[in-house]
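Peer 1: Just need the structure, nothing else, for what follows:
(chains A and B)
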Amino acid sequence: MNIYVLLKRTFDTEEKISISNGKIEDEGAEYIINPYDEYAVEEAINLKDAHGGEVTVVTVGDEEAEKQLRTALAMGADKSVLINTEDDLEEGDQYTTVRILEAYFKENEPDIILAGNVAIDEASGQVGPRLAERLDIPFVTTITDISIDGETVNIERDVEGDVEKVETTLPLLVTCQQGLNEPRYPSLPGIMKAKKKPLEEIEIDDLDLEEDDVEAKTKTLEIFLPPEKQAGKIIEGEPDEQVKELVSLLKNESKVL
Amino acid sequence: MSKNILVIAEAKEGELRNVSFEAIALGKTLSEGGEVVATICGEGDLNSMAEELIKYGADRAVTVANAELKTYTPEGFTQAYKAVIDQESPDGIVMGHTSIGKDVTPKLASQLETGLISDVTEVEEGDDGFVFTRPIYSGKAFEKKVVTEGITFVTIRPNNIAALEKDDSRSGDVSSLDVDVQNIRTIIKEVIRKTSEGVDLSEAKVIVAGGRAVKGPEGFEPLQELADELGGAVGASRAACDAGYCDYSLQIGQTGKVVTPDLYIACGISGAIQHLAGMSNSKVIVAINKDPESNIFSIADYGLVGDIFEIVPKLTEEIRNMKVNA
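Peer 2: Numbers count the residues shown, from 1 in each chain, chains lettered A, B, ... in the order given. Next up is the predicted model:
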């Protein structure tokens, strides 16, 4: 089976965010594989173990993303591809990313593409469904279980807390939700092996794309931090008194009751 | 210049979702005096829902009824919405950033070859059209975005843009559109309800959330009682989910759901950055925790140092009494 994973390099979830020169300050910040994409890598490896084939991890970004690709290889992916847009693109949006991925996948024949259901930085959740549409394959988002039998795929997905059981067919794109699996940590032998696994780097020229083909449809004007929340009032006393005062404050001061 | 805006409305268990009314309110702003058309897709008689959409501010409504649209599928609903878009040729489209909204709008935008600004919490008028604010990094920061080419297509986060007041005297044209829905490649076999009471976390006005200090699945019972009393939903921190006290579907945080209720009651939650990212934009935050040094108190409007098992049931009781006396 030809298994592909879409991966994004993101800030660590525990990082505090600050802004300098209108951009998110990334000096000294820890970067990780987007946590939802980690589920995708793990599931891809599980699918390979069950059905055979090869796992290829693909990212659109710059060479800094090599580290995250190596991590995915150390987890057990076979190959990785960096579509490096650093020299060609100033700013892109989801339309841009998907045009690039579409061009890449037109030259490859995926049986299944796994992605995270959302990236924790920009959090648009658009790339998976948009790409499936361009490739004219079905997609299922926020999956928490998947089993493949021949061409038939049975999936459980999270729908705002409820579970939906879905049947569909390959080729297919899925986006992964928490609860799908427990991503493994790369083992030491895994890390050693990853160093010798292929990491292919291509640019949009190689995909026969011009800058104009992938021009964004939306633009970010400004990034800002929310006003800092001030610590509020500590309500003292015995539990009975605390509760009475809280209810009174919620009712009369903040008027939420 | 006035514009025509299409609002894609959504129903859950036969009821229109509140976020659809909020989408109409945004549609009204974006239309600048133009026409706001709402559409609702499903099966059976959709007229009463269409009329309700008009009472909430839509000028007109288009229904698409088809047995294939009984439950949501990406293909089925995309075909229905695409047919409405082709008929109406809107300058802008607004939908809720719900489970269905998140699933269907990227597919539609991809088909229409347009941009999509998702999860919008605010809109303002800029020099070159409307500027949309949306949270990034799970609400640790925000970005302002504009559309540079093509139609304006946005989804809105529930609970952030106020719906217009319902006006029972409003009326407008309701038309139906026949769509031949075909080639559905994902078949919904079954839906297993896990959420109780039908209050959805992302749309809940009140959330009572539990952390590791709930100590076990049964520890969530008093929290559920409080949530029921307040007409809210129960959520959890990652620590509580990881410990197996509750389902991951309840998790609020950077990985998990990001919520903005009017009232968030954090019970025995320490306040890790990962959790704060999912709830710090709530309008009023109450924290109940044994540890006075707990980080959650740094962002709480009201903090109660104490045992959740003692305080939460008393709080439920007090609110019940308040309602009886009201």
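Peer 1: Can you pull out the low-pLDDT segments for the stretch 101-250 of chain B?
Peer 2: B:195-198 (pLDDT under 70).
Peer 1: redo that, cut-off 50
Peer 2: For the stretch 101-250 of chain B, not a single residue meets the criterion pLDDT under 50.
Peer 1: Strands of that one, start to end?
Peer 2: Remark: strands assigned in the stretch 101-250 of chain B by DSSP state E, counting those that start in this stretch are B:117-120, B:122-126, B:129-136, B:141-147, B:152-156, B:173-176, B:187-192, B:206-210, B:233-236.
Peer 1: contacts for the second one?
Peer 2: If I follow you right, that is strand B:122-126. A:L221, B:L26, B:T29, B:L30, B:F130, B:V131, B:F132, B:T133, B:V146, B:N160, B:I161 (C-beta atoms under 8 Å, 6 or more residues apart in numbering or on different chains). To be clear about C-beta, it is placed using only N, CA and C from the backbone, and glycine gets the same treatment.
Peer 1: What about the first one, how many residues nearby?
Peer 2: Read it as A:L221. By other C-beta atoms under 10 Å in any protein chain shown, the residues close to A:L221 number 15.
Peer 1: That one in helix, strand or coil?
Peer 2: strand (DSSP: H, G, I helix; E, B strand; the rest coil).
Peer 1: hang on, the earlier thing: quick one, which of the strands of the stretch 101-250 of chain B is nearest to A:E54?
Peer 2: With respect to A:E54, and counting by C-beta to C-beta, the nearest of those is strand B:187-192 at 28.7 Å.
Peer 1: Run the chain-centre distance for the closest one.
Peer 2: Its chain's C-alpha centre and that of strand B:187-192 lie 22 Å apart, by C-alpha atoms, centre = their mean, to the nearest Å.
Peer 1: partner strands of that strand, parallel or antiparallel?
Peer 2: strand A:162-169 (antiparallel) (DSSP bridges).
Peer 1: Nearest to chain A: which residue in chain B?
Peer 2: B:G115 (2.9 Å; C-beta to the nearest C-beta).
Peer 1: Could I get the buried residue list for the helix ranked longest in chain B?
Peer 2: Longest helix of chain B, by residue count under DSSP state H: helix B:308-325. Buried residues in helix B:308-325, counted by 16 or more other C-beta atoms under 10 Å in any protein chain shown: B:I308, B:E310, B:I311, B:V312, B:P313, B:K314, B:L315, B:T316, B:E318, B:I319, B:M322.
Peer 1: And the helices in the stretch 51-200 of chain B?
Peer 2: Applying DSSP state H, counting those that start in this stretch to the stretch 51-200 of chain B gives helices spanning B:74-88, B:99-112.
Peer 1: Now tell me what touches the first one from outside.
Peer 2: Contact partners of helix B:74-88, identified using C-beta under 8 Å, 6+ apart, comprise A:129, A:138-139, B:4, B:6, B:8, B:37, B:39, B:41, B:62, B:64, B:66, B:68-69, B:93, B:100, B:103-104, B:107-108, B:111-112, B:177, B:179-186.
Peer 1: Check what pLDDT the residue of the stretch 151-257 of chain A found nearest chain B gets.
Peer 2: Per C-beta to the nearest C-beta, A:K217 is where the stretch 151-257 of chain A lies closest to chain B, at 2.9 Å. Note for A:K217: predicted pLDDT of 96.
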